[in-house]
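Asks: What shape does this take:
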Amino acid sequence: MSSLVNTVYSVRLSSSAEASCPPRNRRLAAKPSCISFNRRRLVVRATETDTNEVGAKAPDNAPAQSGSSFNQILGIKGAKQETNKWKIRVQLTKPVTWPPLIWGVVCGAAASGNFHWTVEDVAKSIVCMLMSGPCLTGYTQTINDWYDRDIDAINEPYRPIPSGAISENEVITQIWVLLLGGLGLGGLLDVWAGHNFPVIFYLALGGSLLSYIYSAPPLKLKQNGWIGNFALGASYISLPWWAGQALFGTLTPDIIVLTLLYSVAGLGIAIVNDFKSIEGDRQMGLQSLPVAFGSETAKWICVGAIDITQLSVAGYLLGAGKPYYALALVGLIAPQVFFQFKYFLKDPVKYDVKYQASAQPFLILGLLVTALATSH
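Replies: Model (predicted):
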């Protein structure tokens, strides 16, 4: 971000070299524009220094008055600007993204056929959900925001990290605490389940590594719309399912293939979130599918990935001699198609939240139908 800001400042300096040093803008009105390179760099980093010294401060250009406290705690757009550090920490973990992971654990436990409504099994599943949701998804979202801070400075400059509402050291500490907490819970679950091979720990470790290379250079998988979004889909659907099934049963090759196929639907879900970041992605050279193909084509790729994948799974269930489960899955696909035409295909930016809130419950119910079908 520093290079981008310094470029902007250089242009301003050249255009006002013969002026009488007017104020630079509202946020930096007290600073003269004709200052040295080192001085300008100090101004860019002043937000972080002030944050460490005096605490969080809501940026001037954020919609603080019209923002929602509920949106803030969930970590979605339209959030109220917050100065409470713990609320900001929760916001970075984006609790709104936890339910799919938690649901994935439920599906894995159901697919195992060995889950029983006992105190011990319920406790095991809750710990697995804590590992998958708050810890490892929280880690994933925090590290993604950290490496996206330059893009967010363009698209959403009022977000916690680019606005300086939380300091660099606090973000890095949060990343490590969540990562180590998730890995520790994975190891605990292996011991609790009596595994000779720590399969859940390695699933947690592999998922954490995938999250890192998704967001961080030099690989930064998210730079490629196809690879990055499939990796994201696998993280949200396959990994928690595998963890839940391994906790109560045994992972089999057919389940691995089936859940990876479902991850293509997760790719489609991930594309939904790319539309709001088109401008920033384009400026930063990220080849998200809306940038690579244009919004019109990308939205059809998105709904195609979601719908065709689920229809393929329904066909698999039908071929496996489970017609009632296949019919139930088709019945859950129909309302998703309806909401795609009602919201998403009309305007994927304006209606992204409405679409996801309306359609995704049917998709995750379809996951459970598939899990129950494979357990019998």
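
Asks: which SS class is the residue nearest to the spatial centre of the chain?
Replies: Nearest to the geometric centre of the chain sits Gln141, at 5.3 Å (C-alpha atoms, centre = their mean). State at Gln141, reduced to three classes by DSSP: H, G, I helix; E, B strand; the rest coil: helix.

Asks: Next up, the contacts around it.
Replies: By C-beta atoms under 8 Å, 6 or more residues apart in numbering, Gln141 lies in contact with Gly75, Leu92, Thr93, Lys94, Thr97. C-beta: built from backbone N, CA, C; applies to glycine.

Asks: what's the farthest-apart pair in those?
Replies: Within the contacts of Gln141, Leu92 and Thr97 form the most distant pair, 11.3 Å apart (C-beta to C-beta).

Asks: These two: who's more crowded?
Replies: Using other C-beta atoms under 10 Å as the criterion, Leu92 and Thr97 rank with Leu92 on top: 25 against 18.

Asks: The more buried one is in what secondary structure piece?
Replies: Using DSSP states H and E, Leu92 sits in helix 85-93.

Asks: Mind checking what helix or strand follows that helix in sequence?
Replies: By DSSP H and E, the next helix or strand past helix 85-93 is helix 98-112.

Asks: Let's see that next one as PDB, backbone CA atoms only.
Replies: This file holds the C-alpha atoms of helix 98-112, laid out as PDB (Å, rounded to 0.1, in the frame of the first residue of the first chain):
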ATOM      1  CA  TRP A  98     -18.400 -20.100  10.600                       C
ATOM      2  CA  PRO A  99     -21.700 -21.800  10.000                       C
ATOM      3  CA  PRO A 100     -20.700 -23.700   6.800                       C
ATOM      4  CA  LEU A 101     -17.700 -25.100   8.600                       C
ATOM      5  CA  ILE A 102     -19.800 -26.100  11.600                       C
ATOM      6  CA  TRP A 103     -22.400 -27.600   9.300                       C
ATOM      7  CA  GLY A 104     -19.600 -29.500   7.500                       C
ATOM      8  CA  VAL A 105     -18.700 -31.200  10.800                       C
ATOM      9  CA  VAL A 106     -22.400 -32.200  11.300                       C
ATOM     10  CA  CYS A 107     -22.400 -33.700   7.800                       C
ATOM     11  CA  GLY A 108     -19.300 -35.600   8.400                       C
ATOM     12  CA  ALA A 109     -20.500 -37.000  11.700                       C
ATOM     13  CA  ALA A 110     -23.800 -38.000  10.000                       C
ATOM     14  CA  ALA A 111     -22.000 -39.600   7.100                       C
ATOM     15  CA  SER A 112     -19.900 -41.700   9.400                       C
END
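
Asks: contact partners of that helix?
Replies: 115, 121, 125, 128-129, 132-134, 136-138, 236-250, 255, 360, 364, 367-368, 370-372, 374-375.

Asks: sorry, back to before: now do the shared contacts for Leu92 and Thr97.
Replies: Gly75, Gln141.

Asks: nearest residue to Gly108 other than its sequence neighbours?
Replies: Gly244 (2.5 Å; C-beta to C-beta, 6 or more residues apart in numbering).

Asks: So the one you found: helix, strand or coil?
Replies: Applying three-state DSSP: Gly244 is helix.

Asks: residue contacts, it?
Replies: Gly104, Val105, Val106, Cys107, Gly108, Ala109, Ala110, Ala111, Ser112, Ser125, Cys128.

Asks: Would you mind measuring from the fifth one to Gln245?
Replies: Pointing back at Gly108 there. 4 Å (C-beta to C-beta, to the nearest Å).

Asks: Likewise for the first one?
Replies: Here the criterion is C-beta to C-beta. By it, Gly104 lies 10 Å from Gln245.

Asks: Likewise for the last one?
Replies: Noted for Cys128: a distance of 10 Å to Gln245, by C-beta to C-beta.

Asks: The third one too?
Replies: In this view, Val106 and Gln245 are 11 Å apart by C-beta to C-beta.
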